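> how would this look folded up:
(one chain, ligands or ions: 2)
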Amino acid sequence: MVTSTAAAHKTPQQQTRVLIVGNYCHDVLMQKDTVKAESLGGAASFISNVVNGMSVSCNLVSKVGEDFKYPVDFTPIVIPTSKTTVFHAYFDLAIHGNCHQDRVLKRVSACDPIRPSDLPDARSKFGMAVGVGGEILPETLERMIETCDAVFVDIQALIRVFDCVDGTVKLVKLGETEFYSLLPRIEVLKASSEEAVFMDVEEVRKWCCVVVTNGKEGCKVYWKDGELGIPPFLANQKDPTGAGDSFLGGFVAGLVQGLAVPDAALLGNLFGSLTVEQIGLPKFDSRLLQRVKDEVQRRKMQFLHCERSEYELEFLKPDGHEQFHASLGAAKSTPPFSIQARPWTPSNSPKETEQTPIPHYTAQAKLLANSVYEEPIQTVEGKP
Ligand SMILES: Nc1ncnc2c1ncn2[C@@H]1O[C@H](COP(=O)(O)OP(=O)(O)O)[C@@H](O)[C@H]1O
Ligand SMILES: O=P([O-])([O-])O[C@@H]1[C@@H](O)[C@H](O)[C@@H](O)[C@H](O)[C@@H]1O
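Numbering: from 1, shown residues only. Ligands and ions are numbered 1, 2, ... in the order given. Model prediction:
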């Protein structure tokens, strides 16, 4: 926990700031039985993309097979006897309406689980248990709790089960999993509104902070004795994949930099909204990132006079929260921070862009359409 005495004995310099634990995967976005896009996926890739973008130091533990096909910033553990985890996301099979399901996910192959022995011995300030394909074991989460000051968990790492015939992702009640008894020892549990119905929020909020994301509505934070809705940012949605992951990346990046929980959740909402505007793993404009970092810095300066322990989360809405929302919104909407996505072709493949590298471009989706919700079209330059 953030307040643990073991944590207090370490100076921040001795610790990795953020430890991300979850497998990279190959994502295939499908519509009407046609492949619309292929991309690097997995919560770990979306989260490290945001955390790196915000210049927060992190480390990542992930497993893949020898078939893993994307260049990444953090070398994964390669398991020769296993294949990389693959998900197919079917957008036309989704059931809209009350249950807010925007896609049906099928796990087509699964890499090995991440075991406690795969984790670094060194302490980390924030640990993120962000599996997508069942790779986080109860003992792995327990080890993270022992070696990290504060552990953030995406509920999808805990409640997913996979149909034994076709791999369709189904959710089970959190209370029926082996992870349930560990909840009092984690800091934050993040769930989408679709996943939140698989837990008793009123019970879980007694033990840890619960953040429920709700697509274009933003998110809501619940803690022991309070709750707060956090407003969204406008977005032109093309693909919802990774929004929740990027939210969690932005949220943790904000907390690591000393923001209060409501302000950090705004940063989460911002990165969620930026992510849905691109297909697959997003590429953030470096000028936009700089503006966001400047706004975060300015926000931190406003609270320099406040005495707050580095190891305590501040839940109450700080003064100037609405202004911070407006500043981030202005940063997002200022031209030329528009969509960077381009169609994938052999001529802009990794090798040929070596002379003029575009950060993260090599891990971008192979774009076969301009939106996973629409009919395929030929070109995908800029916003529609
Ligand atoms: N259409 C959208 N417009 C604006 N923000 C969005 C949109 N979709 C998602 N977001 C942002 O991303 C966050 C996570 O999205 P959500 O769809 O709830 O998660 P998940 O990807 O896990 O289903 C939301 O809380 C919100 O801040
Ligand atoms: O869209 P989201 O729920 O934030 O997260 C997604 C996972 O649900 C999915 O299993 C994975 O294949 C994607 O790459 C992404 O990580």
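> show me where the stretch 151-300 of the chain has strands.
Residue ranges of the strands in the stretch 151-300 of the chain, as given by DSSP state E, counting those that start in this stretch, are 160-162, 169-171, 188-192, 209-213, 219-223, 226-230.
> so the residue lying closest to Leu119 once chain neighbours are set aside: helix, strand or coil?
Residue nearest to Leu119 in three dimensions, not counting chain neighbours: Arg143, with 5.5 Å by CB to CB, 6 or more residues apart in numbering. From N, CA and C alone the C-beta is placed, and that goes for glycine too. At Arg143 the chain is in helix, as set by DSSP: H, G, I helix; E, B strand; the rest coil.
> run a quick neighbour tally on the closest residue to ligand 1 within the stretch 101-250 of the chain.
Going by CB to the nearest ligand atom, ligand 1 is nearest to Gly244 of the stretch 101-250 of the chain, at 2.2 Å. Number of residues near Gly244 (other CB atoms under 10 Å) recorded here: 28.
> what does Pro71 give?
Neighbours of Pro71 (other CB under 10 Å): 11.
> tell me the spacing between it and Leu281.
Pro71 is 12 Å from Leu281, where distance means CB to CB, to the nearest Å.
> quick revisit: how about the strands of the stretch 151-300 of the chain, which one is nearest Val296?
strand 226-230 (15.6 Å; CB to CB).
> thinking again about what came up before, quick check, pLDDT for the residue nearest to Leu119.
pLDDT, Arg143: 98.
> tell me the contacts of the closest residue to Leu182 other than its chain neighbours?
Spatial nearest neighbour of Leu182, chain neighbours left out: Leu141 (5.7 Å); criterion: CB to CB, 6+ apart. By CB atoms under 8 Å, 6 or more residues apart in numbering, Leu141 lies in contact with 129, 151, 153, 157-158, 179, 182, 186.
> mind putting those into JSON lines with distance to Trp207, pLDDT and neighbour count?
Shown next, in JSON lines, are those (distance: CB to CB, whole Å; pLDDT from 0 to 100; neighbours: other CB atoms under 10 Å):
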{"residue": "Ala129", "distance to Trp207": "15", "pLDDT": "99", "neighbour count": "28"}
{"residue": "Val151", "distance to Trp207": "12", "pLDDT": "98", "neighbour count": "27"}
{"residue": "Val153", "distance to Trp207": "12", "pLDDT": "98", "neighbour count": "27"}
{"residue": "Ala157", "distance to Trp207": "17", "pLDDT": "98", "neighbour count": "24"}
{"residue": "Leu158", "distance to Trp207": "14", "pLDDT": "98", "neighbour count": "27"}
{"residue": "Phe179", "distance to Trp207": "12", "pLDDT": "98", "neighbour count": "22"}
{"residue": "Leu182", "distance to Trp207": "10", "pLDDT": "98", "neighbour count": "20"}
{"residue": "Ile186", "distance to Trp207": "8", "pLDDT": "98", "neighbour count": "23"}
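> between those, which is closest to His325?
His325 has its nearest neighbour among the contacts of Leu141 in Val153, at 26.0 Å by CB to CB.
> so which elements touch whatever helix or strand Gly127 lives in?
According to DSSP states H and E, Gly127 maps onto strand 124-129. For strand 124-129, the elements it packs on are strand 16-21, helix 138-147, strand 148-154, helix 243-256, judged by 3 or more CB pairs under 8 Å, 6 or more residues apart in numbering; DSSP states H and E.
> quick one: distance of the third one to the chain centre.
In terms of CA atoms, centre = their mean, to the nearest Å, the centre of strand 148-154 is set 13 Å apart from its chain centre.
> compute the inter-axis angle for that strand and strand 124-129.
Relative orientation of strand 148-154 versus strand 124-129 (axes from the mean of the first three to the mean of the last three CA atoms, to 10 degrees): 20 degrees.
> quick one: Gly41 and Asp27 touch, right?
Yes. In this structure, Gly41 is within contact of Asp27 by CB atoms under 8 Å, at 3.2 Å.
> what sits against the closest residue to ligand 2 within the stretch 1-150 of the chain?
Ranked by CB to the nearest ligand atom, the top residue of the stretch 1-150 of the chain for proximity to ligand 2 is Gly41, at 2.6 Å. Going by CB under 8 Å, 6+ apart, Gly41 touches 24-27, 87, 132, 241-242, 280-281.
> generate a PyMOL selection restricted to the buried subset of those.
Selecting only the buried entries of the contacts of Gly41 in PyMOL, with 16 or more other CB atoms under 10 Å as the criterion:
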select buried, resi 24+25+26+27+87+132+241+242+280+281
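> turn the contacts of Gly41 into JSON lines, including distance to Asn52 and pLDDT.
Listed next are these as JSON lines, based on distance: CB to CB, whole Å; pLDDT from 0 to 100:
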{"residue": "Tyr24", "distance to Asn52": "14", "pLDDT": "98"}
{"residue": "Cys25", "distance to Asn52": "18", "pLDDT": "98"}
{"residue": "His26", "distance to Asn52": "20", "pLDDT": "98"}
{"residue": "Asp27", "distance to Asn52": "19", "pLDDT": "98"}
{"residue": "Phe87", "distance to Asn52": "22", "pLDDT": "98"}
{"residue": "Val132", "distance to Asn52": "19", "pLDDT": "98"}
{"residue": "Thr241", "distance to Asn52": "19", "pLDDT": "97"}
{"residue": "Gly242", "distance to Asn52": "15", "pLDDT": "98"}
{"residue": "Gly280", "distance to Asn52": "17", "pLDDT": "96"}
{"residue": "Leu281", "distance to Asn52": "12", "pLDDT": "97"}
